[in-house]
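> Output the structure for:
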Amino acid sequence: MRRVFIILAIFFVLGSALIFAQETPMPDPAADAQTAPAPAWMKDSAAKLESELVAKYGVAQKIRVQRGLHQVAEFWRASDGDVAGFEEFVRGNFAGDQAALDTMFNRFERLVEQLDGHMHEINREFRQQVDLDLGPVQSYDEVFAGYDPSAHVLDDFFQNKLAFTVLLNFPLTTLDERLTEGVTWNRRQWAEARLAERFSKRIPANVNLAISQAAAEADRYIAEYNIWMYHLLDNSGQRLFPPKMRLLSHWNLRDEIKADYADSKNGLAKQRMIQQVMERIVTQSIPKVVVNNPNVDWNPYTNDVSAAAVHDSDAPAAAMTDISNAPEPDTRYATLLNDYVAARMADPYSPTAPTLIARRFDEDREIPELRVKAMLEQVLTSPLVPQVAKLIELQLGRPLEPFDVWYNGFRPGSAHSEAELDQMVAKKYPTAEAYQKDIPNLLMHLGFSPERAQYIANNIIVDPARGSGHAMGAEMRAEKAHLRTRVEAAGMNYKGFNIAVHEMGHNVEQTFSLNNVDHTLLKGVPNTAFTEALAFVFQGHDLELLGLPAPDAKAEAMKTLNDFWGTYEIAGVALVDMEVWHWMYDHPHATARQLNVATVGISQDIWNRYYAPVFRKKDVVLLGIYSHMIDSFLYLPDYPIGHMIAHQIEEQMKKAGNIGPEFERMAKLGDVTPDLWMENATGKPVGPEALLSATQRALTQVK
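Next up, the predicted model:
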């Protein structure tokens, strides 16, 4: 319930609600919220029932009776029934002994798994045409994808009283209780806490649907935001990129910057051009006509646009009759405001976490925001940053430029050109099916036994993605995880392979943490940062999986430096995401133009505080380029936390000897609080200390 990627998988359905004029002030969605108080008779009735139930089941049940009645009273409304209906419900549904409670728990656990699984299955099937590279998306495909079969489930469970049955018998817990007392709980107690947590809010179906529609609109906007790179012209009219190269923002643009360090001839010029493209996307000075359009040429420096002088698309060339450099009309920020407006609709129904910000940190991550911010700043202000930056300058033979925030030169094997890696990958994986067949071999290279590798592979289905790729886990044991990866007509390229390996890490975690966990109510991991961390472990071995040499001690040190630099980069991006959401909450009536200006200002401010002293250039906006900020509802802090966790996990796997068995052991720990999970997995709580210590050792070794 709490993991962001599950929530987003449900929310990613296409729709058109909440579309607004980009310069129209946003309404306050909380103003019209209706949250009715509990009926006046509730207090006296609950007192009577407490005495009655304690007398019937014994004083040992008193605390359970009191807690259950209080929890039900918190959510009961007059529409749920009068005093007689309330009392009849309580008498008929309180499990007064352990045997009755066990029966109830087992029934709910099994049926909730079925509910989640089949709803997820319908959602996945209805989205096939939109998510996968299966040809054009028709209007009726969007309608299918826009249907959310789970939209009314929470409403239904309160109306039919199943939610109240859970609240009457199982404990709602606070974050503080889970942090301080959870270490003493057994697995059944944790499973009960997660069951009750599902009904800790009573959000109306229309609100859930509105959030789904806003998320879907953002997802569609981002999924189609491609730049045709052969059609970028420098000031001399030269084309620096190869034909047919179509890069999705931000993922592929960023990864192209990383790949271009291996291009000694044109790499620097290409990186500077991509930076210019990114800046125009962030500021929304990018011409609208150049987005996902191979029929125009564009100079991102001058912003001049003209009809394409060459044709490299597989589609027939389209005649362009109205070519101008008119900018994209703040669509990026209009989409983000859509997210905010939709998210705020849930605020009145979430009294313990009354903002999306609180829900993301206190409920989804179960790490308080202030602690996350402190961990990020601990990395950003580390004295190791200028030391690593100096090493990068020595390797580059030039001063740092802003795009070097994505420096890729520490990675083992980075001497291989992008073209060489592309050829290697395309030969090995001409289709998604070829990757599917090779999964057992890839997993055995990562230390899984042949039996476990085949078991995992049997639970993963590889699909050709329309976008950059993603992992969609199953929600019941009868289903399989899906790995969506982008495969071009000429075969998978290195970027696609790198993403596929990352997503495969998600799928392996999803398989173990569902199929092999002791309680399906504890399926998954504590939060998205953990599943990202486990996926990073796989991704960090991608070159080895291509048959390139395993890193020696020096290469391992370089990999640590790469991890540190990547954490330094994404920590600032996460702070931008956090501050932008705070700004939206502080300015509930803002326009898309105002949000544009604010986001640019926040990006520049974070850059000036933590990056300008190192890069010696101020007011850079690159930290605002991440697409997650637009379509993922405050997701980005999971990445730097994930890097920290990944380093801790990798260190533990080195101690254990290989990845496979340790990965499985950790994945089966399930959905408990982050520190408890990490203590059991590695012996230490979540934090950047292990990464910082390893970085210091790596610098010493490299020097």
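
> Let me see the contact set for Ala550.
Glu544 (C-beta atoms under 8 Å, 6 or more residues apart in numbering). From N, CA and C alone the C-beta is placed, and that goes for glycine too.

> Now Glu488, what are its backbone angles?
phi -80, psi 170 (degrees, to the nearest 10).

> roughly how far apart are it and Ser468?
To Ser468, Glu488 is 12 Å away according to C-beta to C-beta, to the nearest Å.

> okay, those two: which has more neighbours?
Taking other C-beta atoms under 10 Å, Glu488 and Ser468 do not tie; Ser468 has more neighbours (22 against 17).

> Quick check: the more buried one vs Ala489, distance?
Going from Ser468 to Ala489 by C-beta to C-beta gives 16 Å.

> which residues of the stretch 1-150 of the chain score low on pLDDT?
1-36 (pLDDT under 70).

> can you pull out the helices in it?
4-11, 42-57, 62-75, 83-93, 98-126, 128-131, 139-146 (DSSP state H, counting those that start in this stretch).

> closest one to Leu636 among these?
Across the helices of the stretch 1-150 of the chain, Leu636 has its closest neighbour in helix 4-11 (10.4 Å, C-beta to C-beta).

> sorry, back to before: make CSV out of the helices of the stretch 1-150 of the chain and add distance to Ile499 and mean neighbour count.
Shown next, in CSV, are those (distance: least, C-beta to C-beta, whole Å; neighbours: other C-beta atoms under 10 Å):
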stretch, distance to Ile499, mean neighbour count
helix 4-11, 15, 21
helix 42-57, 53, 15
helix 62-75, 42, 18
helix 83-93, 48, 15
helix 98-126, 19, 16
helix 128-131, 15, 19
helix 139-146, 22, 15
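
> Could you dump these into TSV with distance to Pro300 added?
Output for these, formatted as TSV (distance: least, C-beta to C-beta, whole Å):
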stretch	distance to Pro300
helix 4-11	31
helix 42-57	63
helix 62-75	54
helix 83-93	64
helix 98-126	37
helix 128-131	29
helix 139-146	31
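
> To Glu651, which of these lies closest?
Nearest of these (C-beta to C-beta): helix 4-11, 24.8 Å.

> So Glu664 is in contact with Asn515, correct?
No - when contacts are counted by C-beta atoms under 8 Å, Glu664 is not listed as touching Asn515 (10.8 Å).

> returning to that earlier point: and the helices of the stretch 1-150 of the chain: which comes nearest Ala555?
Taking C-beta to C-beta, helix 4-11 is the member of these nearest to Ala555, at 31.3 Å.

> burial of Ile281, as a residue count?
23.

> what ranges of the chain fall below the confidence cut-off?
By pLDDT under 70, the weakly predicted segments of the chain are 1-36, 412-415, 551.

> where along it do the strands fall?
Assigned by DSSP state E, the strands in the chain fall at 226-228, 246-248, 296-299, 304-307, 460-464, 469-472, 481-485.

> out of those, which comes closest to Lys703?
With C-beta to C-beta as the measure, strand 246-248 is the member of these nearest Lys703 (35.9 Å).

> neighbouring contacts of that closest one?
By C-beta under 8 Å, 6+ apart, strand 246-248 touches Ala223, Tyr225, Asn226, Ile227, Trp228, Met229, Leu253, Glu256, Pro294, Gly467, Ser468, Ser627.

> can we see that at 6 Å?
Outside of strand 246-248, the residues within contact range by C-beta atoms under 6 Å, 6 or more residues apart in numbering are Asn226, Ile227, Trp228, Met229, Leu253, Glu256, Ser468.

> how distant is that strand from the center of its chain?
20 Å (C-alpha atoms, centre = their mean, to the nearest Å).

> residues of it that come out buried?
Arg246, Leu247, Leu248 (16 or more other C-beta atoms under 10 Å).

> quick check, nearest of those to Arg272?
Leu247 (15.4 Å).

> That closest one pairs with what?
Beta-bridge pairing of Leu247 under DSSP bridges involves Ile227.

> Would you format the buried residues of strand 246-248 as TSV with distance to Arg697 included?
Formatted as TSV, the buried residues of strand 246-248 follow (distance: C-beta to C-beta, whole Å):
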residue	distance to Arg697
Arg246	41
Leu247	36
Leu248	37
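
> ok, so of the residues you listed, who is nearest Gln276?
Leu247 (13.8 Å).

> separation between Arg107 and Asn169?
From Arg107 to Asn169 the distance is 12 Å (C-beta to C-beta).

> so where do the helices sit in the stretch 251-400 of the chain?
Counting by DSSP H, counting those that start in this stretch, one finds helices in the stretch 251-400 of the chain at the ranges 251-259, 267-283, 331-344, 356-358, 369-380, 384-396.

> Touching, Leu384 and Thr695? I think so.
Yes - if you go by C-beta atoms under 6 Å, Leu384 and Thr695 touch, sitting 5.2 Å apart.

> what about those two, which has more around it?
Thr695 (26 against 20).

> so what's that one up against?
Per C-beta under 6 Å, 6+ apart, neighbours of Thr695: Leu384, Thr560, Phe564.

> Throw the residues you listed into TSV and include distance to Leu394, thanks.
Shown next, in TSV, are these (distance: C-beta to C-beta, whole Å):
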residue	distance to Leu394
Leu384	16
Thr560	17
Phe564	16
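
> Which member of those residues is positioned nearest Gly660?
Among the contacts of Thr695, and counting by C-beta to C-beta, the member closest to Gly660 is Thr560, at 21.9 Å.

> can you pull the contacts of that closest one?
Here Thr560 is in contact with Ala694, Thr695, Ala698 (C-beta under 6 Å, 6+ apart).

> Including distance to Val600, could these go into CSV?
Formatted as CSV, the contacts of Thr560 follow (distance: C-beta to C-beta, whole Å):
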residue, distance to Val600
Ala694, 35
Thr695, 31
Ala698, 35
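
> So which of these belong to helices?
Ala694, Thr695, Ala698 (DSSP state H).
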